[in-house]
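**Student:** For reference, the sequence and a predicted model appear below.
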Amino acid sequence: MGSSGINRQGIDALQSTADYKSLRKILVSAGISSFIFGVLAIASSTLYGIRGILFITISFLFGMLLLGIGIWLIAGKPRAMELILCGILFISIGMWNLISAGSIFTGNTLLKIFLQAIFILGLFQIIWGLRIIPRYGRFHHVSIQKPSDENQGLFDEVANNISGLKPADSKDVIEFIPADVFTNKWKGKLEEKLAIFVQGKGDDMLVASQEQVNIEPGDTSPGKSIKACLQIGKRRIKGTLSLEDLYRYEAWKSGDKS
């Protein structure tokens, strides 16, 4: 089924399936990270013994909690509230790593290197926690029920179709590169009154009417790319796109089919 043949019911099913799969992917990734952080916390608790039982106990308990949360996120049904839970947990363990690593003084060179690594890990955990919490707003409405095989098949077909298109070969396709270096580029198919944007090979998908899609161009950067803000419904993404793709979007937005 091509995307142009999707009716309103299909559009709603496509977006709800995309939201479920995207939330699931984020939580599984967070679960794997939580599991790894838990193993590291338990392993590091043995080194904190030089400062007393308090460091051993807190680090060990954090480690066990992270292990449990990791397994829960990987095996359980996706719930948006888990984004907030993960964020708070990662920020808490990150702050603990900063405090504990910074408060241990030793002349042992290997231990110094290890504590520096724990300090950096703590910074990384805090940043990750601060990044994941705001995503709750995007996914708070997502059902925990797994989409039907039919809806998942529709998502896979549309995602594969659009991700495989090239702007050079398709006049109704544009590419948008996010400013966030940790995310893949978006590819959008601009139909008569509908736009479907796919990130990467199907990492995420946004379906919106023509009225809900806006691109606010900014400065031109080297290579004739345009800094811009892509708005799809309530979602705003900062990044760049080519000048040609901007003209293509403007023609689609104005209804010019030439």
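**Tutor:** Right, received. Where do you want to start?

**Student:** Now do stretch 133-152: everything it contacts.
**Tutor:** For stretch 133-152, contacts defined as Cβ atoms under 8 Å, 6 or more residues apart in numbering pick out 13-14, 16-17, 19-23, 26, 77-81, 83-84, 87-88, 155, 235. In this view, the C-beta of every residue, glycine as well, is placed from N, C-alpha and C.

**Student:** Which among those count as buried?
**Tutor:** 13-14, 16-17, 19-23, 26, 78-80, 83-84, 87, 155 (16 or more other Cβ atoms under 10 Å).

**Student:** So which of these belong to helices?
**Tutor:** 13-14, 16-17, 19-23, 26, 83-84, 87, 155 (DSSP state H).

**Student:** Residue 215 sits in which helix or strand?
**Tutor:** Assigning secondary structure by DSSP states H and E places residue 215 in strand 213-221.

**Student:** And the contacts of that strand?
**Tutor:** Contacts of strand 213-221 (Cβ under 8 Å, 6+ apart): 188, 195, 226-232, 240-241, 243, 246, 249, 253.

**Student:** How many neighbouring residues does residue 149 have?
**Tutor:** 8 (other Cβ atoms under 10 Å).

**Student:** which SS class is residue 145?
**Tutor:** Counting by DSSP: H, G, I helix; E, B strand; the rest coil, the backbone at residue 145 sits in coil.

**Student:** Model confidence for it, exactly?
**Tutor:** In this model, residue 145 is scored at 88, pLDDT.

**Student:** Quick check: phi and psi on it?
**Tutor:** Main-chain dihedrals, residue 145, degrees, to the nearest 10: phi -80, psi 130.

**Student:** residues near it, how many?
**Tutor:** 9.

**Student:** Test my guess that residue 249 contacts residue 190.
**Tutor:** Yes - at 7.0 Å, residue 249 and residue 190 qualify as touching, with contact defined as Cβ atoms under 8 Å.
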